[in-house]
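mind folding the following:
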Amino acid sequence: MFVVEGIKSVREFLDSHYKVVKIYVSQEKLFDMNTSDFELVSQKELAQMSGLHSPSPVLGVFHIPQPKKIDFEDWVLVLDDVRDPGNLGTIIRLCDWYGIKHLVCSEQTVDCYNPKVLQATMGSSTRVNIGYTDLASFLNKVDVPVFGTFMSGNSVHEESLPSKGILVMGNEAHGIGKTIADTILNKISIPQFGDQTTESLNVASATAIFLNEIRRS
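Prediction:
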């Protein structure tokens, strides 16, 4: 099970395929309370349950579902060892924005049900199928083009991107790990302009640029 806090996020999960365990509410007027899914509690009790400094008036507990089968008829995003909850949450929102239905994460990537991740997604987790697996094994079995993001890759502006494929994004500090990098033939990058000395982009910012290029093409 996992916890969701915030009125908007809880409503998103209630309107999705996720199964409810219990919704705890400190203000009756916020929801239709006529089912056993809801329980009225005091604000003090909610504060004791909450992981936030300023608790929301609603806290939901939901069952973690089994990931759905991946559809390779569109682009699939793969994350190798992304550790920051805020980055993962933002990337899930980007998947939702750009219509990327499937997100595959390495076993070392931060848990997508981490409360900080869920806060950052603002409910987008309900529309993106997220799974965790051994990436080397996964990538060796796919039969669609695999593109990896590297500082030394070919400019994404000059690439002819197909209508379907896999985009691999790497760790915040070290990029894509060597084991995974050795399996990727299509290496792409974001061109840098001017005389800047910035070493790299934030992984979520880079993901936004690459997904935009994929949809633009």
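
ok, for the most centrally placed residue in the chain, nearest residue in space, not its chain neighbours?
Nearest residue to the geometric centre of the chain (CA atoms, centre = their mean): Ile92, 2.8 Å. Excluding the flanking residues, the one nearest Ile92 by CB to CB, 6 or more residues apart in numbering is Thr121, at 4.6 Å. C-beta: built from backbone N, CA, C; applies to glycine.

Provide a list of residues in contact with the one you found.
9, 89, 92-93, 96 (CB atoms under 8 Å, 6 or more residues apart in numbering).

go again with 7 Å.
By CB atoms under 7 Å, 6 or more residues apart in numbering, Thr121 lies in contact with 89, 92-93.

can I get those in CSV including secondary structure?
Listed next are these as CSV, based on DSSP: H, G, I helix; E, B strand; the rest coil:
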residue, secondary structure
Gly89, helix
Ile92, helix
Arg93, helix
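
which one of the residues you listed sits closest to Ala136?
Ile92 (23.1 Å; CB to CB).

so how far is Lys187 from that closest one?
25 Å (CB to CB, to the nearest Å).

which stretches of the protein form strands?
2-5, 20-25, 38-40, 58-62, 76-79, 102-106, 129-133, 146-155, 166-169, 186-189 (DSSP state E).

nearest to Lys116, of the ones you listed?
Of all the strands of the chain, strand 2-5 sits nearest to Lys116, with 10.7 Å by CB to CB.

convert the closest one to CSV, retaining C-alpha atoms only.
Taking C-alpha atoms only, strand 2-5 is exported to CSV below (Å, rounded to 0.1, in the frame of the first residue of the first chain):
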residue,chain,number,x,y,z
PHE,A,2,1.0,3.7,-0.3
VAL,A,3,-0.1,7.0,1.0
VAL,A,4,-1.3,10.0,-1.0
GLU,A,5,-1.8,13.5,0.5
